[in-house]
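Asks: output the structure for:
(2 chains)
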Amino acid sequence: MRGQTRQTLRESDHKPDREQEHKPDHKPGRRPGTRRRALSAVAAMAIGVMTLGALTPPASAASAATSASAGRDAVRQSLNALVRDDGMPAALASVKGRDGRTRTYTAGVGDLSTGSKVPVGGQVRIGSNTKAFTAVVVLQLVGEGKIALGADVDTYLPGLVRGKGIDGRRITVRQLLQQTSGLPNYTNYLGDDVRYYTPRELLATALRHPADFAPGKKWAYSNTNYIVAGLIVQKVTGRPLAEEMDRRIIKRVGLRHTYFPAPGDARIREPHPHGYYRESADGPLRDITEIDPSWGWAAGQLISTDSDLNRFFGALLAGRLLPPAQLAQMRSTVPAEATFGPGARYGLGLVSRPLPCGGLSWGHGGSFPGYETRSGATDDGRAASVAVTMQLTDEASRRNLERAVDTALCR
Amino acid sequence: MRARTQQGPRSSTRQQGGRRRRTVSAAAAMAIGVMTLAALTPPASSASAAVATARPDAVQQALNTLVRDDGMPAALASVKGRDGRTRTYTAGVGDLATGSKVPRGGQVRIGSNTKAFTAVVVLQLVGEGKIALDADIDTYLPGLVRGKGIDGRRITVRQLLQHTSGLPEYGLHIDDDELRHRYFEPRELLDIALRYKADAAPGEKWGYSNTNYLLAGLIVQKITGRPLAEEIDRRIIKRVGLRHTYFPTPGDKTIREPHPQGYHRNPADGPLRDFTEIDPSAGWAAGQLISTDSDLNRFFGALLAGRLLPAAQLAEMRTTVPVGDSGMRYGLGLTSRPLPCGGVYWGHGGDIPGYETRGGVTEDGRAVNVTVTSIPTDEAAVQHVKDAVDRALCG
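Replies: Purely as a prediction, here's the structure:
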């Protein structure tokens, strides 16, 4: 799911009348309560367990150890910088180069309490990259004639989406995938409660708040859009979203390390680096590897690896997941710089970013407690994904992560 | 899910009886004529012949009758006698297509027996002070339960578990073939129920409704912040050691361990079809569990022995109201039924397309569960299942 600080930037960017109405909820001038509060709840859960600070190896040691044997590879240097300069416990990457070969990289430590290595190709929570998967399932169903992008939400979920300034009869499927529905973002309102949520609870949380804007009026990232998209998938197919993703994407492309955790499953199944967070800027790092991911659902629940993300976005661009018409829709973008950075544009669950060496990279990116990932794939078959084992909260670190992807793609 | 055969008399008196009656008569019609599959069905005599070597006792004979006379593809039982020994029984065939044996102690879908599990979790939470039986639903699920004549502020948790809430039944509005293939979110099931008006005012009368347990399950999730399946697993299955019992994960249509195939007719006058693989999500807190006859004996035995609930909550669970004129009474997710040899047995029973299970335990530790691999629909077959239970407990 996307970092909240970006949401904040966006929120403070638009100042229509409607915005005034939310002020009480939005607490302008502050970080959005949500994620912060969610994290502090987790922090509360962890209090007493932690003296992790003492166990954290000095960043220099971590990078020295890894880079010593590493030579001058630019990707490796990027990862080392993420560990050394940005304070990430670990950084991982998978790069498929112009030569078609895949290289994997790690830096830092997998578990701060033991100092263990980062498992090569380890699993991570990919957060909002899940949205690209959800969008692909919706677009496959569009290709099958079972969903129409221009149809309203009520066509599939009659009467379900109603609220202040919110009417499912006026929001289209395309607006959901494109983040132009104006639906308020439920993750801004989850409060302190990191627990098991059903999708309908997440939707209900959103619907207690007024619309951010009228459908189609502007672009604003909202996880609620993808919750509704997931519910549409379930309604149209009559199957759980997780099953549709598994059958239509994961199995089909052979993403052997990608899965949608079952309800209640707070673990990461295969070898993985631990994920960490800090309750406050000067607080110690705390382990948040095990967390119930149900609050992400269609917007952020998947677990995967850098290499599987490369394979997914590569297969998508190569037309192996969608018919040409639906892939073209997915790649039709609108500006999204406020959330995704300079030059970024948002299609249907797909982000394009200009590469310093020319051309575009396509991916999504994800931010989830403990993990932050960025991916990019190019039309000529290059792909790179980089993960770090903390959710990033500052713009500079995010830029560094994106630069690491760009560096890998432009080598 | 269904407790159709038990509910028949009551449902015909209901306001919405039209629908229910159609369901019931459809179900009744299901047993008429033993169909094209007859060719695949081994002659009943061979089934009983297979048992002949086993010196059939009264329970075995009752199971043989269910296969031979009532057209059940298979019947299974687990009996814990006065001597404390457990005996398992099978009759019929596990798979009509292959004629394979019935796996002894095979897994089956236990349908509404799930309600007893859900009720135990709720009552454990009552014991922990996290739920109050006489609090209204809105205390836990504010604003969620509203409809024609329906108001969550006027329905108590106890009424849910007792089936006295008057909430309309969602299951009546899901066709069995839709049920078979479709994944339902619990909240979708609630949406279906709330499209209909209340069957009665809260507390006015007893009326079996899966919607009650759906809501009980949602309350458990709200209070614990965990999936119902996880709470059932941790608080009951693991605790009592029910090694063959599990709550299928969303989308899982299979039965994990060795099992007899389940069969069903839909439409009611259609052929028996293999309904082993179904999406059980329409059952959820009211009927999703998979188990075995022996695990059910163990569960109800542990429950009655006080190993799952504090004394006060077990007493609440055993506080019953009369149901119909069969002598059956309903507590909180627990039934009591009179035995021909005196006394009562405690259990629940369950029907879900493909399987029917009946049984329970006595105060002195006898226990039985009987499963047939198709829901019996004619009176004789229904009686024969009951006979098998009675013989096991009174024999």
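Asks: what's residue 263 in contact with, if anything?
Replies: Picking chain A for this. A:196, A:294, B:227, B:229-230, B:249-250 (CB atoms under 8 Å, 6 or more residues apart in numbering or on different chains). Every residue, glycine included, has its C-beta placed from N, CA and C.
Asks: think we crossed wires, I meant chain B
Replies: So B:Tyr263 contacts B:73, B:96, B:272-275, B:354, B:373-374 (CB under 8 Å, 6+ apart).
Asks: B:Arg104 too?
Replies: B:Arg104 touches B:76, B:88, B:90, counting by CB under 8 Å, 6+ apart.
Asks: and with 7 Å instead?
Replies: Neighbour list for B:Arg104: B:88, B:90 [criterion: CB atoms under 7 Å, 6 or more residues apart in numbering or on different chains].
Asks: and if you look at B:Lys253?
Replies: Here B:Lys253 is in contact with B:277-279 (CB under 7 Å, 6+ apart).
Asks: quick one on the thing from earlier: dump the contacts of B:Tyr263 to CSV, plus secondary structure and distance to chain A.
Replies: Shown next, in CSV, are the contacts of B:Tyr263 (DSSP: H, G, I helix; E, B strand; the rest coil; distance: CB to the nearest CB, whole Å):
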residue, secondary structure, distance to chain A
B:Pro73, coil, 27
B:Leu96, coil, 27
B:Leu272, coil, 24
B:Arg273, strand, 19
B:Asp274, strand, 20
B:Phe275, coil, 17
B:Gly354, strand, 19
B:Thr373, coil, 25
B:Ser374, strand, 25
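Asks: what's the burial count for the residue in the stretch 201-350 of chain B that chain A sits nearest to?
Replies: Of all residues in the stretch 201-350 of chain B, B:Gly225 sits closest to chain A, with a separation of 3.0 Å (CB to the nearest CB). Using other CB atoms under 10 Å in any protein chain shown, B:Gly225 has 15 other residues around it.
Asks: hmm, B:Tyr140 and B:Arg153 touching each other?
Replies: No. Counting by CB atoms under 7 Å, B:Arg153 stays clear of B:Tyr140, with 11.6 Å between them.
Asks: which one of the two is surrounded by more residues?
Replies: Remark: of B:Arg153 and B:Tyr140, B:Tyr140 carries more neighbours, 21 against 13, as counted by other CB under 10 Å.
Asks: got the phi and psi for the residue nearest to the more buried one when sequence neighbours are not counted?
Replies: In this structure, B:Tyr140 finds its nearest non-sequential neighbour in B:Ile219, 4.6 Å apart by CB to CB, 6 or more residues apart in numbering or on different chains. Taking degrees, to the nearest 10, you get phi -70, psi -40 for the backbone angles of B:Ile219.
Asks: how much space between B:Ile219 and B:Thr118?
Replies: In this view, B:Ile219 and B:Thr118 are 10 Å apart by CB to CB, to the nearest Å.
Asks: give me the more crowded residue out of these two.
Replies: B:Thr118 (29 against 26).
Asks: so what's that one scoring on pLDDT?
Replies: Per-residue pLDDT puts B:Thr118 at 98.
Asks: check contacts around the closest residue to A:Ile268 other than its chain neighbours.
Replies: The spatially closest residue to A:Ile268, leaving aside those adjacent along the chain, is A:Gln123, at 5.1 Å (CB to CB, 6+ apart). By CB under 7 Å, 6+ apart, A:Gln123 lies in contact with A:257, A:268-272, A:303-305.
Asks: ok so, going back, close enough to count as contact, the residue of the stretch 201-350 of chain B closest to chain A and A:Tyr196?
Replies: Yes. With contact defined as CB under 7 Å, B:Gly225 counts as touching A:Tyr196 (5.7 Å).
Asks: so which of the contacts of B:Tyr263 is the most crowded?
Replies: That'd be B:Thr373 among those, by other CB under 10 Å, with 32 neighbours.
Asks: who are the neighbours in contact with that one?
Replies: So, once contact is read as CB under 7 Å, 6+ apart, B:Thr373 ends up touching B:72-74, B:260-263, B:354-355.
Asks: 6 Å instead?
Replies: Residues near B:Thr373 by CB atoms under 6 Å, 6 or more residues apart in numbering or on different chains: B:73-74, B:260, B:262-263.
Asks: neighbours of whichever residue of chain A sits closest to chain B, how many?
Replies: Of all residues in chain A, A:Arg195 sits closest to chain B, at 3.0 Å by CB to the nearest CB. By other CB under 10 Å, 17 other residues sit near A:Arg195.
Asks: equivalent analysis for the one 10 residues further on, please.
Replies: For A:Thr205, the number of neighbouring residues by other CB under 10 Å comes to 21.
Asks: check which helix or strand it maps to.
Replies: Using DSSP states H and E, A:Thr205 falls within helix A:199-207.
Asks: now swap in B:Gly105 and tell me
Replies: B:Gly105 belongs to no helix or strand, assigned by DSSP H and E.
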